[in-house]
Structures are given as C-alpha cells and as structure tokens.
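In: below: sequence and its predicted model.
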Amino acid sequence: MEFVFIFLTGIVATTLGTVAGGGGLISLPMMLLLGMPIHSAIGANKVSNTVSSFSSFFHLLKAKKISMKECYWIIPISITGGLSGGFIATLLSPKHLYIIAIILLIVALVTSMIGKRNFTGGNTLKPNKVSIPGLYGIGIYDGLFGPGQGTLMLYLFAYLRIDYIKAVGYVRFATFSSCIGAATMYIASGKILWGLTLSLLCGSVIGAQIGVRVAEKIKPSYMKPILRVVTLALIVQVFVENIL
C-alpha cells in the first residue's frame, strides 16, 4: 500500500513542483511519514526528479518554447552544484539541513516581497555574474535538501526577467542537471531504497507532464502570489515538523 501512496504523491508533488516549485513540500513529508530515513527520502527525490524534470523540459523543447542554445551552459554548473550539495549532505546532520532550508526560503520570500520584477521582459538567459553563482548555489541547495529548489530558481529567473514558460523549462533543465550530480552521491553512499524510489519516479513522470501543460496556460502575473504562498507553506512545514 505504501508504494501506491508514494506513486500518488509523486503525481501531486511534481505537478505542483513544475508549476511553482515546492513539490518537496508534499513528497518529503510523505516519505518521512512512511518511515523512510531523511537521507533516503531526499535521495529518492533526487533520483525521481532526474527523470521527471527532463521529461517536462523535453516537452517544452520539442514545442519550441525554449532553446537549447540559451541553456546548454546550465549543465556543468548545476551538475557541479548538485554533486557539491550531495557530498556536503552526507557530512551534515538532518537538523542542520532543515535550518539551512528555512534560512534560504526566508531570504527568497523577503526578496520577493521587496522586489518588483516579474516573469516578463523577454530577456535571453545568459551566463553572467548573477546567473552563474545563482544556479550553482541553488544546485548545492538541491543536493543538500531539495524542497523549495524550484521555487528559489523561479525567483532567480524572475529577477533576470525571463518569461514564465521559459523559466519553467530552464528550472526543469537545471533540476535535471543538479539531480544527476546529487543522485550520484546518494546512490554511491547506499542511501537509496529502490522500491519506494521507483514508485515515486513513476508518479513524478506523470506529474511532470500534467504540470508542464498547466504551466503553459498560467498568466505570468499570477505567479508571484502563487510563489509566495508556496514559499510560506514550505517555511511553516519545515519549521513545525523539524525544528520545534
């Protein structure tokens, strides 16, 4: 029965994660509730996200909503970030991971509140002094913990004035890249519970396809409020369940 719960969790979590980030708000607590150790739960997310994020990215690439020319350089940065985060995670206690997550999410929320930039402007994504350290830092966070990674990256692309549907595609591509690195570290450390992980992966692939189609229909002006709600929910969930 737990395999069915994890499968359904993958569908719901990845649908939300594709649209606004924060899929880990659903998937990570569910896996912990079923008794998975935190490192195994995070590792399951990394493995499933590697496949599901690429499937949604490929859908937008095939539909010509995004261009490979603009985003190929994301791969080495996000993979390196994911590898770095996955390695650091094996050295840190669960409590420290949760504290780092809360701090980063609060910073993202405050930045959103004071910033006026939205998912408009039509800028081309380029490697520069903001995008490179931003993607690398979020890649580290993805390898370290995960929930909120997509949300943080959407904030980054909003700051860079990237159109929303392009931002979704680039978030999924960066997630795919960082998860390759992170998943490698978790698999190598023997943390993966393969039965539950594969159940999550199957549900996540379905959720990714639902989410990317929903994202194509959302108006960019609606995204800042949605992101703020998701961010607040992430902060409350992590704080209540793991810090108190």
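Out: Arrived safely. Bear in mind that the values here come from a model prediction, so they are computed numbers and not experimental data. Residues are numbered from 1 along each chain as shown.

In: show me where the chain dips below the pLDDT cut-off.
Out: Scanning the chain for pLDDT under 70 picks out 94, 97-98, 101, 105, 108, 111-118, 147, 238, 241-244.

In: for it, what spans make up the strands?
Out: Assigned strands in the chain: none (criterion: DSSP state E).

In: for it, just list every one of the helices.
Out: For the chain, applying DSSP state H gives helices covering 2-20, 24-33, 38-62, 68-71, 74-89, 94-114, 131-144, 149-159, 164-188, 194-215, 223-242.

In: and the shortest one, what's buried?
Out: Pointing back at helix 68-71 there. The neighbour-count check on helix 68-71 (16 or more other CB atoms under 10 Å) flags 70, 71 as buried. Yep, even glycine has a C-beta here, placed from its N, CA and C like the rest.

In: what residues does that helix touch?
Out: Helix 68-71 is contacted from outside by 61, 124, 125, 126, 166, 169, 170, 173, using CB atoms under 8 Å, 6 or more residues apart in numbering.

In: could you redo the last one with a cut-off of 6 Å?
Out: Residues from elsewhere that reach helix 68-71 (CB atoms under 6 Å, 6 or more residues apart in numbering): 124, 125, 170, 173.

In: swap in stretch 138-152?
Out: Applying CB under 6 Å, 6+ apart, the external contacts of stretch 138-152 come out as 17, 21-22, 24-25, 28, 42, 45, 78, 81-82, 84-86, 88-89, 97, 101, 104-105, 108, 153, 171, 178, 182, 230-231, 234.

In: quick one, which of the helices of the chain is nearest to residue 120?
Out: helix 164-188 (8.0 Å; CB to CB).

In: show me what the closest one is in contact with.
Out: 43, 46-47, 49-50, 53-54, 56-57, 60, 65-66, 71, 74-75, 78-79, 81-83, 85-87, 119, 135, 139, 142-143, 150, 153-154, 157, 192, 215, 220, 223.

In: quick one, it and helix 74-89 angle?
Out: Put simply, helix 164-188 runs at 40 degrees to helix 74-89, going by axes from the mean of the first three to the mean of the last three CA atoms, to 10 degrees.

In: now helix 164-188: buried residues?
Out: Using 16+ other CB under 10 Å as the test for burial, helix 164-188 gives 164-187.

In: stretch 222-237 too?
Out: Neighbour-count burial for stretch 222-237, counted by 16+ other CB under 10 Å, picks out 223, 224, 226, 227, 228, 230, 231, 233, 234, 235, 237.

In: tell me how far that stretch lies from the chain's centre.
Out: How far stretch 222-237 lies from its chain's middle: 14 Å, per CA atoms, centre = their mean, to the nearest Å.

In: for stretch 30-50, same thing?
Out: Mean C-alpha position of stretch 30-50 versus that of the full chain (CA atoms, centre = their mean) differs by 14 Å.
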